[in-house]
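# give me a 3D structure for the following:
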Amino acid sequence: MKLQVIIATSLLLLVPVKPNSEAGENAAAFLALCRIIRIAKQTPQTIQFTNEADSIMKTIAAVNFTLADDTFSAAVDTSKTWTTLDTTFRTAHAAWQKYYDLYVEAKKLATGGDRHKYAPWARHRNQSHIKQKVALMAEKAFEIANQHTARKQEAENTMATSAAQAMALYGAPAPSANTYKIGTSGSDTRAKVCSQQGTAGSVKPGATLVLDTLCLCTEGPTSDASSGKACCSDCAPAGNSEVQHNSDAQKYWTKLEEQCTKLIPTANLNTNALEAAVDMLRLQLKHKDGTQTGHDNVLGSIDGAGTSGCTGNTANNGGKCLSYKDGLTDNGDNAIAWLKNLREAVAAEDRRNVAAAAAAKLEAQLTLINLTVESLLHSTTQNIGLPAATEGEKITASTKVNQEAAEKDCNKKEKESECKATPKCAWNDKAADPKKKCTLSEEGKQPAENTAAGNQAGTDGKNTAGSNSFVINKAPLLLAVSLF
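Here you go, the predicted structure:
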């Protein structure tokens, strides 16, 4: 038994004693913390979009505009937007508000330098089924284009990401006079701020990545032998000396951040990368054991029982370290603020990527609609699977035939008395054609016209299209588009 004690004692004597901090002792902990710092410093990715979706929407609108009647075309002023139109016009055309600015862009295309591209569509101006089909697809395209714009703006906006990153680094949107200090109160000590020794300091470990790095790496009391190189050989700035609490340490942070960039040149700004980096940092944490009984979740080096806390020098039961009292958590009184902020940053970045993917799908839908519209240019009523004429068109044709027959019947009346005796006929003694002095009266024409109008636009002869319809000629939207 005595022999075993002697051997054990001899082995202990062979272990070199490190009474103070020395260069490189926190290199592994610094590397783990640097992974997180680099995520906080990583510029949010630039998500680029083409103008394809906007171009497609304007093209479809220009086709729809080409199919419109001349009265509508004349009413659209390409020199004005909806907001710059006079009040009288806007009041009279209130239903145009939703689409007017697009009408303007459509007219510019349809009548501008590329008008030759849209001119062939003019031959379909009297084909109601093609006009309705195009109008329906234009309305759907407008809806999709608006969704695409919203998703695109969301994907391009980096403000939420950058703001959360700044909070993780500095605890504020931008660095301030207190950012680069270990504590900001005269009653602070390095041990209180970096490890809540005795009581908490003016700030707690985990408040910012700057604070944690200064606690882990900068030189402590005069007995510290690390010379500011505890985290890496090039971590000490010119004029390195002890970093005391409530004193400006910006030059130390600048040097440490520079070395982080060399150690970790690039980082991925996403949830998976952050959580992997946090796990690696967690592996570096030391906990109470048979010897060290002062602190759990210690990042860095600590001496003996650790009962003096993170003093800035690994000696006399103190250490060059920081202690996350409740571990790497973003909840509770001892939450790691930089962890919470970085999780918000990567969540914002993840949302941007989701929005970008959604925008790409919407653009694909617009491309399909555009191809479908293009296919209609060479279509007829037969090959688009629609009836040759609507009931209204049939009634109009029938009315025209009946009117022509009645006109011919009146023309047969060569005497004024005979003409006037015939209902719906009228005598015109000054007619240029002597064979057409007796013609169909206006009263005779009216009933047929009223009947046709009523069947085309409603039982009372009024147009019943919705006021917000994209259909320029306000034809009723009766067709279902199977593409959507």
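# what mean pLDDT does stretch 165-174 have?
Per-residue pLDDT values over stretch 165-174 give a mean of 97.
# and that stretch, end to end?
10 Å (CA to CA, to the nearest Å).
# can you tell me what sits against that stretch?
37, 40-42, 163, 176, 179, 203, 207-211, 337-339, 341-342, 345 (CB atoms under 8 Å, 6 or more residues apart in numbering). C-beta: built from backbone N, CA, C; applies to glycine.
# now it: buried residues?
165-171 (16 or more other CB atoms under 10 Å).
# circling back: please check the contacts of stretch 165-174 and keep the buried ones.
Counted by 16+ other CB under 10 Å, the contacts of stretch 165-174 give 37, 40-42, 179, 203, 207-211, 337-339, 341-342, 345 as buried.
# of these, which belong to helices?
37, 40-41, 209-211, 337-339, 341-342, 345 (DSSP state H).
# can you tell me which two in the residues you listed are farthest apart?
Leu211 and Ala345 (18.0 Å; CB to CB).
# domains in the protein, as residue ranges please.
Using automatic domain parsing, the domains assigned to the chain come out as 24-44+163-335, 52-157+361-376, 395-484.
# so which of those is nearest Val354?
domain 52-157+361-376 (8.4 Å).
# give me the distance from the closest one to the chain's centre.
Centroid displacement of domain 52-157+361-376 relative to its chain, using CA atoms, centre = their mean, to the nearest Å, is 24 Å.
# that domain - what's its average pLDDT?
For domain 52-157+361-376, the mean confidence score works out to 92.
# one more: stretch 286-293?
93.
# ends of it, how far apart?
First residue to last in stretch 286-293 (CA to CA) measures 11 Å.
# contacts for that stretch, please.
So stretch 286-293 is contacted by 294-299, 302, 304-307 (CB under 8 Å, 6+ apart).
# now swap in stretch 269-284 and tell me
28-29, 32-33, 35-36, 39, 42, 44-45, 161, 267, 299, 327-328, 339, 342-343, 345-347, 349-350, 353.
# kindly export that stretch (C-alpha atoms) in CSV.
What follows is stretch 269-284, C-alpha atoms only, in CSV (Å, rounded to 0.1, in the frame of the first residue of the first chain):
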residue,chain,number,x,y,z
LEU,A,269,-25.5,31.3,-42.2
ASN,A,270,-28.2,28.7,-41.6
THR,A,271,-29.8,26.8,-38.8
ASN,A,272,-27.8,23.5,-39.3
ALA,A,273,-24.5,25.3,-39.3
LEU,A,274,-25.3,27.3,-36.2
GLU,A,275,-26.5,24.3,-34.2
ALA,A,276,-23.4,22.3,-35.3
ALA,A,277,-21.2,25.2,-34.1
VAL,A,278,-23.1,25.4,-30.8
ASP,A,279,-22.6,21.6,-30.3
MET,A,280,-18.9,22.0,-30.8
LEU,A,281,-18.7,24.8,-28.3
ARG,A,282,-20.7,22.7,-25.8
LEU,A,283,-18.0,20.0,-26.1
GLN,A,284,-15.4,22.5,-24.9
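# fine by me, thanks again.
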